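Participant: What follows is a predicted protein model with its sequence.
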Amino acid sequence: ALSSRGIEQVQQACSAMIANNVNPSVVKFSLAANAMDTADIISAEVQVGRNRLVPEYTYMDQRGIGKWDMLPLQSTQDAIWAMDANEAGKFGLGGIPPPNDDGTPNETISNQITRLRQLISLLETNCSGDTILLIFPDGTGPAVFTALIGGIPMNRVHELNFRPGEIRFDVNMDNALRLLPDSPPEAYVQTLKRGQVQLDYLRKNPDKILTVSEQNDRKAMMEAEQKKVDLANAKKEEEREQLALAEARRQTEKASRDARNKQERSKEILRQAEIKQRKELAANARKEESPSAVSTFVDMLALGLVGYMASYKVSEKEDSAETPTQVDLCSSHIAETAEKRARSSISNSEIEPFSSDKAEISKQEALPTVAKAQVGKRGEHEVFPELKKMEDLSASYPVEVPEMLENTSQNDELYLTTDKNSFSSESNADLNLLNEEDRIELA
């Protein structure tokens, strides 16, 4: 497509045609984009009908330069001019660009001459007597066409190159020869020198030659690679952030767990300290209560013995005034009570020695007591049977206060330890009950 500068140049050419009273009857243009745009502008400016705009599909195409195609114009144009000037020869058979593997043709000037001859033959056949305007896509095509008309050697064809937007009228042999100077201009010579340097570089570094499409492909490839690298870096950064978040989460959980464990340990320490304090208080309370409990028990035992002795003495004095019948009744009841105690067995295994001795004593002394009680002389026997039992038990099982246990059960039972066996407070209560019943009966 044309640029704004190109459109301006085409409009100036139209003004020149109008000024020279040129009204083309046929406009033949290439299918290149810039040529099509030029034809449209000329049709509008010069008032050429659309039916007189004839496209050319092949014969007006520009020269194919093979591997150099699609390279920037400033990097190849001067090199091609230098190659044609030095290698093309009079008929343009030499000076061929390097081939390409994408199907782009690499042509000499002679190949382009062949197409232009076909174009001239077509115009002579179809447009005889018409004023024809040819619109080429480049400056070399019309220069070769002019050289063909004027018979100019092809190695000097570039001296006739058209500038962008340039228009030439009445192209014939005479005008073509007038356009060619006797010697090349100095600017053209300098262009050839620069072109030779570029040509040498292009030929010595074929691997470094990249077309526009290849450059675009390489650029796209580099961008894709950079995008992959950026994505990989972003992924790594995301993974690092996730790892950092996971580590922070683990540290938070660990700190929370440590704080919870520390709190639990503190609670456990406080609980153990409280339990220890309670144990110490209980131990101190037991130590304070134990002497009073032992002394109370000893006092009660002594009081029981003293009361029993006092009851015995009172009973002995009163028995002297009783009748033999009362003594017999009282002695018989005591004997029956002794037999009941002898036949009863105490379930606790710890006081089996005590129980057997008690039963044995009761059996042995029951009959003599009855016999002596029937006589009616209470004073003849020295010791009452129940008192003798208490004395024997005291002698057989002496109570040692220091050996008492410190602990007591929940129902406040006291357990005394002796040198041979042990007996419970329940058994002692039975004995006290027996003694108390006997005292009541004696009284």
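Facilitator: All right, it came through fine. Numbers count the residues shown, from 1 in each chain.
Participant: Output the below-cut-off pLDDT ranges for this structure.
Facilitator: Within the chain, the ranges that satisfy pLDDT under 70 run 210-213, 289-391, 393-443.
Participant: Could you pull up phi and psi at Phe169?
Facilitator: Main-chain dihedrals, Phe169, degrees, to the nearest 10: phi -100, psi 160.
Participant: Surely it and Val22 touch.
Facilitator: Yes: between Phe169 and Val22 there is a contact under Cβ atoms under 8 Å: 6.3 Å. Just so you know, the C-beta spots here come from the backbone N, C-alpha and C atoms, and that holds for glycine as well.
Participant: These two: which has the busier surroundings?
Facilitator: Applying other Cβ atoms under 10 Å to Phe169 and Val22 shows that Val22 carries more neighbours, namely 15 against 11.
Participant: measure the more buried one to Ala82 for me?
Facilitator: Val22 sits 35 Å away from Ala82, going by Cβ to Cβ, to the nearest Å.
Participant: Equivalent analysis for Lys276, please.
Facilitator: As for Lys276, its distance to Ala82 is 110 Å (criterion: Cβ to Cβ).
Participant: For these two, work out which one has more neighbours and name it.
Facilitator: Ala82 (22 against 10).
Participant: so that one sits right up against Leu192, yeah?
Facilitator: Yes: counting by Cβ under 8 Å, Ala82 touches Leu192, with 4.9 Å between them.
Participant: and Ser110, how many residues sit next to it?
Facilitator: The tally of other residues near Ser110 (other Cβ under 10 Å) stands at 17.
Participant: Am I right that it is in contact with Phe91?
Facilitator: Yes: the pair Ser110 / Phe91 is scored as a contact, 6.1 Å apart, by Cβ under 8 Å.
Participant: tell me, what's touching these two both at once?
Facilitator: Met154 (Cβ atoms under 8 Å, 6 or more residues apart in numbering).
Participant: Give me the packing partners of the helix or strand where Thr191 lies, helices and strands only.
Facilitator: Using DSSP states H and E, Thr191 sits in helix 186-204. Packing contacts for helix 186-204, counted by 3 or more Cβ pairs under 8 Å, 6 or more residues apart in numbering; DSSP states H and E, involve helix 73-83.
Participant: for the helix it packs on, which positions count as buried?
Facilitator: For helix 73-83, burial by neighbour count (16 or more other Cβ atoms under 10 Å) applies to Thr76, Gln77, Asp78, Ala79, Ile80, Trp81, Ala82, Met83.
Participant: How about stretch 27-45?
Facilitator: With burial defined by 16+ other Cβ under 10 Å, the residues of stretch 27-45 counted as buried are 27-30, 32, 34-39, 41-43.
Participant: Ok, stretch 175-191 next?
Facilitator: For stretch 175-191, the neighbour count (16+ other Cβ under 10 Å) marks Ala176, Leu179, Leu180, Tyr188, Thr191 as buried.
Participant: Then stretch 192-210?
Facilitator: The neighbour-count check on stretch 192-210 (16+ other Cβ under 10 Å) flags Leu192, Gly195, Gln196, Gln198, Leu199, Leu202, Ile209 as buried.
Participant: Take that stretch, keep the C-alpha atoms, and write them as PDB.
Facilitator: Provided in PDB are the C-alpha atoms of stretch 192-210 (Å, rounded to 0.1, in the frame of the first residue of the first chain):
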ATOM      1  CA  LEU A 192      27.800   0.900  -7.100                       C
ATOM      2  CA  LYS A 193      30.700   1.100  -4.600                       C
ATOM      3  CA  ARG A 194      28.500   0.800  -1.600                       C
ATOM      4  CA  GLY A 195      26.600  -2.000  -3.400                       C
ATOM      5  CA  GLN A 196      29.800  -3.900  -4.000                       C
ATOM      6  CA  VAL A 197      30.600  -3.900  -0.200                       C
ATOM      7  CA  GLN A 198      27.100  -5.100   0.600                       C
ATOM      8  CA  LEU A 199      27.300  -7.800  -2.100                       C
ATOM      9  CA  ASP A 200      30.500  -9.100  -0.700                       C
ATOM     10  CA  TYR A 201      29.100  -9.300   2.800                       C
ATOM     11  CA  LEU A 202      25.900 -11.000   1.600                       C
ATOM     12  CA  ARG A 203      27.900 -13.600  -0.300                       C
ATOM     13  CA  LYS A 204      30.400 -14.300   2.500                       C
ATOM     14  CA  ASN A 205      27.800 -14.600   5.200                       C
ATOM     15  CA  PRO A 206      24.900 -16.500   3.700                       C
ATOM     16  CA  ASP A 207      23.900 -17.900   7.200                       C
ATOM     17  CA  LYS A 208      23.500 -14.500   8.600                       C
ATOM     18  CA  ILE A 209      21.100 -13.400   5.900                       C
ATOM     19  CA  LEU A 210      17.600 -13.300   7.300                       C
END
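Participant: tell me which element Gly6 falls in.
Facilitator: Assigned by DSSP H and E, Gly6 belongs to helix 4-19.
Participant: again with Phe29
Facilitator: Using DSSP H and E, Phe29 falls in strand 26-30.
Participant: name the helices or strands packed onto that strand?
Facilitator: Against strand 26-30 (3+ Cβ pairs under 8 Å, 6+ apart) you get helix 33-46, strand 53-56, strand 132-135.
Participant: List the neighbouring strands of that strand plus their orientation.
Facilitator: Using DSSP bridges, the strands paired with strand 26-30 are strand 53-56 (parallel), strand 132-135 (parallel).
Participant: most packed of the ones you listed?
Facilitator: strand 132-135 (a mean of 21; mean count of other Cβ atoms under 10 Å).
Participant: which element follows it toward the C-terminus?
Facilitator: Using DSSP H and E, the helix or strand that follows strand 132-135 in sequence is helix 140-150.
Participant: angle of that following helix against strand 26-30?
Facilitator: On the basis of axes from the mean of the first three to the mean of the last three Cα atoms, to 10 degrees, helix 140-150 is oriented at 130 degrees to strand 26-30.
Participant: Report the backbone C-alpha coordinates of helix 140-150 in CSV.
Facilitator: C-alpha atoms of helix 140-150 as CSV (Å, rounded to 0.1, in the frame of the first residue of the first chain):
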residue,chain,number,x,y,z
THR,A,140,13.8,-1.6,-12.4
GLY,A,141,10.9,-2.9,-14.5
PRO,A,142,10.3,0.3,-16.5
ALA,A,143,14.1,0.8,-16.8
VAL,A,144,14.5,-2.6,-18.5
PHE,A,145,11.4,-1.8,-20.7
THR,A,146,13.1,1.5,-21.7
ALA,A,147,16.4,-0.2,-22.4
LEU,A,148,14.7,-2.8,-24.6
ILE,A,149,13.0,0.0,-26.6
GLY,A,150,16.2,2.0,-26.9
